[in-house]
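1. quick one, structure for this:
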Amino acid sequence: MSLISRDQDLVPLREATKAWFKISLQTFGGPAGQIAVMQRSLVDEHRWIGERRFLHALSYCMLLPGPEAQQLAVYVGWLLNGTAGGLIAGVLFVLPGLLALLGLSALYVGLGDTALITALFAGLAPAVLAIVTQAVIKVAGRALHHRVLIGLAVAAFIALAAFAVPFPIVVLAAGILGWVIGRVRPQIMAKPAQAKQDDRPEPLISDDALHHAAPTLRRAGIILAIGIPLWLGPVALAFALTGADSVSTQQGLFFSGTALVTFGGAYAVLSYVAQKAVETYHWLAPGEMVRGLALAETTPGPLIMVVQFVAFLGAFRDPGTLNPWAAAVVASLLTTWVTFVPCFLFIFVGAPYVERLRGNRSLSAALTGITAAVVGVIANLAIYFATATLFASSHPYDWGPLHLNLPVVTTLKPVALVIGAIAMVLTFKLRWPVLRTLGVCALLGLAAGFVL
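-> Below you'll find the predicted structure:
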C-alpha cells in the first residue's frame, strides 16, 4: 500500500494546489461560506466532483467532531489526489486563517488596536452573505428533490434556529428518519432520473464512480500508528521540556480533548471553551473571548481557529521561562496542531469505508436525510452569520422551549448593510466572480473605515 502516490491523481497536483490556495483565501463566513465557496469552485466551475458526491462527503463530515468544512476539503482533496491531496487541501484551508489570526492576536496584545485590519475584514464579511445565500439556493435546488426532503430541511432549520436543539441530535434524527423513509418509501430518497440530466460537462469524480482505495484494517492501523504520535507528540514534548503545570502543556492537553468533542461546529463548543479558559485556567479576561470570536469571524478559515487566540493570550500572560512572544507563538501553533490533526485522521481512516458504502441503500437513504437537514443547517448558519454581520448586538428570547436570538434593530450597521446589498447585486445581477466581488467589498470596507 502506498499512502502517497501520484499514479491515481485525477487532477495534476500542481493545478489542484493552486485551486485549494485560491479557495483558502475565500473561506470567510464560517462553515456556510466555506462550503459555498468549495461547492462553487469544485462542483460548478472546475467540474472536479459531482454534486451528489460532494453532498455525500459533506454528510459524512457533518457526523464528525471538528470543523466540517475543513474535513470536507480534506475529503475532496483525498478523492482528487490521494493522501497528498488531502494534506494539501486541509493545510491550505487553515493556513490563511492561522497567519491572519496570529497577526491579529499579536496586534491585540501589543498595540491594542486592530482598526485597519478590522475595517478591511468588515468589508469582506457582508460580501460573504451573498456567497452564502447563493449556496443555500443552489444546494437546496439540487438536494431537495421531494417535498418530504424539503420538510426535513425546514424541520432541521426550525429545530436549530427556534428550539436550540443540539446539532448532533438534529443530524442523528435526520439520518434515522432518512433510513426509515428509505425502508418504507424508497422512491422518495432515490434521485429522480430527470435530475441526472445536466447540460454541464461530466465531473471528473462522477456521482457513481467508486474510489480505488480499499478499506482495510491494515490501512487504518498504519494511518493511526503514524497519525496519533504525530498528533500528541508535540504535547508530550511540551510536557518533557516545560513540566505538567506549564501553560503549553495545559493548553495542549485541554485542546486535544476538545478536538474530539467539538460536535456541532465552533459555536457548539465555544461556550465550554470560554468557561474553562476564563474561569478555570484564567487564560483570558471576561469579554476577551467575544473579541477573539469577532476577530475569527473576520478572517478566513474555520471559526474554531479562535482557540489559537485563546492560547496566544494565555501563554503571553503566563510564559514561564520563555520570552512572552515566543511562548505565545509556540502555544498558538501547538493549539492549532492538536485541534486540526484529528480531522485528517477522521477522513483518511473513515473515507474509504464511506466510499464503499455509497451503494448501500440503507446508508444512502440515511445520508440523503442528513443532506436534506444540511440545507437547513446551512440556512441557520447563514441567518446567524447575517445577524452577526449586519447588527452590532442581538438578544436572546425564551418562551418555554422556544428560543430565539433576535437582532437589536437599533444596532443595525448601515455600512455592512450597504456593502452587503452591493455584493448581492454583483453576485446575482452582474454575476461577478467571487474574488472580484470580495476585492471590491474589501476596498469599500477600507474606505468606510477611513471616512467614517
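
2. Three-state assignment for L406, please.
-> strand (DSSP: H, G, I helix; E, B strand; the rest coil).

3. now do the contacts for it.
-> S394, H395, Y397 (C-beta atoms under 8 Å, 6 or more residues apart in numbering). (Each C-beta comes from the backbone N, C-alpha and C, glycine too.)

4. repeat for A19
-> V11, S41, L42, H46.

5. from those residues, pick the one nearest P319.
-> Nearest to P319, judged by C-beta to C-beta, of these is S41 at 41.0 Å.

6. the closest residue to W78 other than its chain neighbours and F163, how far apart?
-> Distance criterion C-beta to C-beta, 6 or more residues apart in numbering; nearest residue to W78, sequence neighbours excluded, is G86 at 3.6 Å. With distances taken as C-beta to C-beta, to the nearest Å, G86 is found 36 Å from F163.

7. same thing with A238?
-> Distance, A238 to F163, by C-beta to C-beta: 42 Å.

8. now D318
-> Applying C-beta to C-beta to D318 and F163 gives a distance of 40 Å.

9. between those two, which has more neighbouring residues?
-> D318 (17 against 13; other C-beta atoms under 10 Å).

10. I'd assumed T249 was in contact with the more buried one.
-> No - taking contacts as C-beta atoms under 8 Å, D318 lies outside contact range of T249: 11.9 Å.

11. the spatially closest residue to A100 that is not a sequence neighbour: which element?
-> Computed as C-beta to C-beta, 6+ apart, the closest residue to A100 that is not its neighbour in sequence is T299, at 4.1 Å. For T299, there is no helix or strand it lies in under DSSP states H and E.

12. swap in A379?
-> Using DSSP H and E, A379 sits in helix 361-390.

13. so how far is that helix off the chain centroid?
-> 13 Å (C-alpha atoms, centre = their mean, to the nearest Å).

14. what do you get for stretch 119-136?
-> 15 Å.

15. now do A19, the pLDDT please.
-> At A19, the model reports a pLDDT of 92.

16. quick one: it is in a strand?
-> No - counting by three-state DSSP, A19 is not found in a strand; it is helix.

17. so T335 touches F255, yeah?
-> Yes - with contact defined as C-beta under 8 Å, T335 reaches F255; the gap is 4.9 Å.

18. what's the overlap in contacts for those two?
-> Shared contacts of T335 and F255, defined by C-beta under 8 Å, 6+ apart, comprise V307, A311.

19. look at the two and report which has more neighbours.
-> Shown here are T335 and F255; by other C-beta under 10 Å, T335 has more neighbours (27 against 24).

20. what helix or strand is that one located in?
-> helix 324-356.

21. buried residues, stretch 128-140. List them.
-> V128, L129, A130, I131, V132, T133, Q134, A135, V136, K138, V139, A140 (16 or more other C-beta atoms under 10 Å).

22. low-confidence stretches in the stretch 251-400 of the chain?
-> By pLDDT under 70, the low-scoring segments of the stretch 251-400 of the chain are 261-272, 275, 286-287, 289-291, 293-294, 297-298, 359.

23. again, only this time at 50
-> Within the stretch 251-400 of the chain, not a single segment meets pLDDT under 50.

24. doesn't V91 make contact with F21?
-> No - using C-beta under 8 Å, F21 makes no contact with V91, being 10.4 Å away.

25. higher neighbour count, these two?
-> Using other C-beta under 10 Å, the more surrounded residue of F21 and V91 is V91, with 18 against 15.

26. what packs against the longest helix along the chain?
-> Using DSSP state H, we find that the single longest helix of the chain is helix 68-110. Helix 68-110 sits against helix 13-24, helix 30-38, helix 51-62, helix 115-143, helix 288-297, helix 306-317, helix 324-356, with contacts defined as 3 or more C-beta pairs under 8 Å, 6 or more residues apart in numbering; DSSP states H and E.

27. let's see 6 Å
-> Applying 3 or more C-beta pairs under 6 Å, 6 or more residues apart in numbering; DSSP states H and E, one finds that helix 68-110 contacts helix 13-24, helix 30-38, helix 51-62, helix 306-317, helix 324-356.

28. the closest residue to A296 other than its chain neighbours: neighbouring residues, count only.
-> Leaving aside its sequence neighbours, A296 sits nearest to V306 (C-beta to C-beta, 6+ apart; 4.0 Å). For V306, the count of nearby residues is 25 (other C-beta under 10 Å).

29. L367 too?
-> By the measure other C-beta under 10 Å, the count of residues near L367 is 30.

30. in contact with it: list those residues for me.
-> Neighbouring residues of L367 by C-beta atoms under 6 Å, 6 or more residues apart in numbering: H56, S59.

31. let's see 7 Å
-> Residues in contact with L367 (C-beta atoms under 7 Å, 6 or more residues apart in numbering) are H56, S59, G178.
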